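> What follows is a protein structure lacking sequence information:
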């Protein structure tokens, strides 16, 4: 059975949250501050649950080797659970991947420990360094810079919808041997009194080398598009810490629903492209370079499971979905915006009027009117 973990302030009983400024647990009511390590005993609940379920100790690495309403239909509630908030008694509904959230009635941040105990416990977590205020300012600045963005996207209500989310990532380490063959050309031109000459020389170019890659990230959530998550990279793994559930307090968190094995093809693809780019960077001095053959062989590989901080806004405008994301560690921001067709039409109308006036002025100067 899933259990809610909350973190109460020892001084006043308020709900503690992880504070990005101090990188500690802070009470928003009495301002008391506590080290995350002081709350480590909360995590013992997870370990006890895992032991009760007969799970083996987690490996750090993986070798690649009611008339109002209707009755629920069969299977409809399989991926849903109801949790009771310990602070106010309100019910919280979570899906199969919700690991941390907040009570919609009292705002108490909670961790759904039962959602963590059924699967692998993360090895590492990178704590948030940018709070919600920073994320809202970044989004507001981004939207304000887009002249043709609809006014709806600039409203404060829309900015309030941004959420802090810990996204599950598989981190791959690998040693590889890569080789690429290219065809290169150089072009020389000269001329004499009668003709211009062009000489094209062709070369076979070969590059080969052993490389090591560390912490290649592949997001383990189907809810998060790979291209979106890769657009807000890089994350600095040097600031990762051993996982403790206290870091989740005050934020949302998802478990992985794409396991490590299913993530390997994406990791291999990223490693292959990186290796090819590295070797291509060593080929210089040619007019053209065309790859003819490439081979990337995996010599060894391991993987880790981590949670990375992301500020996310999913919204809909005129039946189209729009997503904005910000790296919660570095502040890097990415997103796409709709275009207000009214503003765009007004621009073109203004351009047409200006162009007409300019043409009329020119005709006057030339005596044509």
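Received it, and whenever you're ready, just let me know what you need. Remember, predicted model here, so these are calculated numbers, not experimental data. Numbering: from 1, shown residues only.
> Tell me which helix or strand in the chain has the weakest average pLDDT.
strand 62-63 (a mean of 48; mean pLDDT, DSSP states H and E).
> what residues go with each domain of this protein?
As assigned by automatic domain parsing, the chain contains the domains 1-65+78-170+217-257+306-336, 339-369.
> can you tell me which of the ones you listed the model trusts least?
Lowest mean pLDDT within the domains of the chain: domain 339-369, at a mean of 53.
> Which strands and helices lie in contact with the helix or strand harbouring residue 266?
For residue 266, the element it lies in under DSSP states H and E is helix 260-280. If contacts are counted by 3 or more C-beta pairs under 8 Å, 6 or more residues apart in numbering; DSSP states H and E, helix 260-280 sits against strand 163-191, strand 196-219, strand 288-317. Where C-beta positions appear, they are placed from N, C-alpha and C, glycine not excepted.
> Would you format those strands as CSV with distance to residue 18 included?
Formatted as CSV, these follow (distance: least, C-beta to C-beta, whole Å):
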stretch, distance to residue 18
strand 163-191, 9
strand 196-219, 21
strand 288-317, 10
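> Tabulate these (a markdown table), appending mean neighbour count and distance to residue 37.
Shown next, in a markdown table, are those (neighbours: other C-beta atoms under 10 Å; distance: least, C-beta to C-beta, whole Å):
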| stretch | mean neighbour count | distance to residue 37 |
| --- | --- | --- |
| strand 163-191 | 18 | 19 |
| strand 196-219 | 14 | 24 |
| strand 288-317 | 17 | 18 |
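> For residue 23, which of those is the nearest?
strand 288-317 (11.8 Å; C-beta to C-beta).
> and residue 217, how far is that from residue 126?
Applying C-beta to C-beta, to the nearest Å, the value for residue 217 to residue 126 is 11 Å.
> anything in contact with each of those two?
235, 308 (C-beta atoms under 8 Å, 6 or more residues apart in numbering).
> quick one, the helix holding residue 266 and strand 163-191 angle?
30 degrees (axes from the mean of the first three to the mean of the last three C-alpha atoms, to 10 degrees).
> Show me what counts as buried in helix 260-280.
Across helix 260-280, burial judged by 16 or more other C-beta atoms under 10 Å covers 260, 263-264, 266-268, 270-272, 274-276, 279.
> nearest to residue 210, of those?
residue 275 (10.0 Å).
> who are the neighbours in contact with the residue lying closest to that closest one once chain neighbours are set aside?
Counting by C-beta to C-beta, 6 or more residues apart in numbering, residue 178 is the residue found nearest to residue 275 once chain neighbours are left out, at 4.0 Å. Going by C-beta under 8 Å, 6+ apart, residue 178 touches 208-211, 272, 275-276, 278-279, 294-297.
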